[in-house]
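Participant: The amino acid sequence is not available; the structure is as follows:
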Ligand code: SAM
């Protein structure tokens, strides 16, 4: 397949379309990840909406874009939504960018997209770097099925509930965290998910000191106690295998495993514990099944 055909060339040449909101991905560290299509749009739209005009101003300067910038962040969201929708209504085109990465992931982009769609404005994404998917695909953990948590809530009661949900999640979970909170989060994950759960910590993705370490939670706690966390971090937590195996191992299969251990001379309570650990079935339940069988 051709990388880019003539029709696509034409489409790119005609962009931006009037009255359209473009979600433009920007680099998460390496400027080389800004795509030619993103550069072209950032030079041609009517307005660039961004979280921090100082940060994004630097990016526009590098690509020599003279397009005006307007701040759009969680503190001015409501008033800005009205303003931005008005621009789209008047057939202007807007590029929404975040401080880094894909707008709409852990930033207020979602609200603008919802409002634009509700008002029948076209929304188009110019894809590119995203810390979550970048960390996931290099983690070595399962990437076929995953979920994204972003930053965990700060409020203690809601945070505990979220941590409990995460500990039970069977799919790989991606979490964002700041460097000074990293150890606290690893300790919390250890409490909720156990010390042995595999986890990958990706640091400074796409930058010179990029690093991705996949170990157990406990090993990474020790690592980051010895090496002060610096830079930007994305965590990729392995799913809860225990429950997953339970879903995949039938009751009769679990009982077969139990009987086979006992046939090999294992004590019944130890066999029940081993099979419970392996399959996620309750140890008492397994033990009771065994005794029913022995009583017969
Ligand atoms: N929209 C962005 C995206 O697509 O990835 C995410 C924005 S979120 C406000 C910022 C968080 O993303 C950081 O606190 C960090 O957890 C993660 N992050 C951003 N850049 C990163 C990088 N280069 N390496 C690792 N994590 C990064």
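Facilitator: Arrived safely. Predicted model, so just to flag it, every value in this text is computed and none were measured.

Participant: where does this protein come near the ligand, residue by residue?
Facilitator: Counting by CB under 6 Å from any ligand atom, the chain comes close to the ligand at 28-29, 98, 100-102, 105-107, 130-132, 176-178, 202, 204-207, 232-234. In this view, the C-beta of every residue, glycine as well, is placed from N, C-alpha and C.

Participant: Tell me how many other residues crowd residue 83.
Facilitator: Per other CB atoms under 10 Å, the neighbour tally for residue 83 reads 13.

Participant: same question, residue 184
Facilitator: A count of nearby residues for residue 184, using other CB under 10 Å, gives 10.

Participant: The one 5 residues further on too?
Facilitator: Neighbours of residue 189 under the rule other CB under 10 Å: 24.

Participant: which ones are touching it?
Facilitator: Taking CB atoms under 8 Å, 6 or more residues apart in numbering, we find residue 189 in contact with 163, 166, 167, 197, 199, 217, 235, 237.

Participant: So which residues of the stretch 101-250 of the chain form helices?
Facilitator: When assigned using DSSP state H, counting those that start in this stretch, the helices of the stretch 101-250 of the chain occupy the ranges 109-118, 131-138, 156-168, 182-193, 217-226, 241-248.

Participant: Quick check: buried residues in the first one?
Facilitator: Buried residues in helix 109-118, defined by neighbour count with 16 or more other CB atoms under 10 Å: 109, 111, 112, 113, 115, 116.

Participant: same check, this time on the last one
Facilitator: Along helix 241-248, these residues count as buried under the neighbour rule (16+ other CB under 10 Å): 242, 245, 246.

Participant: pretty sure the last one contacts residue 277?
Facilitator: By that I understand residue 246. No - using CB atoms under 8 Å, residue 246 makes no contact with residue 277, being 11.3 Å away.

Participant: so what's residue 141 up against?
Facilitator: 172, 198, 200, 214, 236, 237, 238.

Participant: Count the residues that sit near the residue of the chain found nearest the ligand.
Facilitator: Per CB to the nearest ligand atom, residue 101 is where the chain lies closest to the ligand, at 2.4 Å. Using other CB under 10 Å, residue 101 has 25 neighbouring residues.

Participant: Could you give the bridge partners of it?
Facilitator: With DSSP bridges applied, residue 101 shows beta-bridge pairing to residue 26.

Participant: any idea how far it is from residue 150?
Facilitator: Distance of residue 101 to residue 150, computed by CB to CB, to the nearest Å: 12 Å.

Participant: ok, now residue 33?
Facilitator: Counting by CB to CB, the gap from residue 33 to residue 150 is 21 Å.

Participant: Neighbour count for those two, which is higher?
Facilitator: Neighbour tally, residue 33 and residue 150, criterion other CB under 10 Å: the higher count belongs to residue 33, 16 against 13.

Participant: Spatially, what comes nearest to that one if we skip its sequence neighbours?
Facilitator: Excluding the flanking residues, the one nearest residue 33 by CB to CB, 6 or more residues apart in numbering is residue 27, at 4.2 Å.
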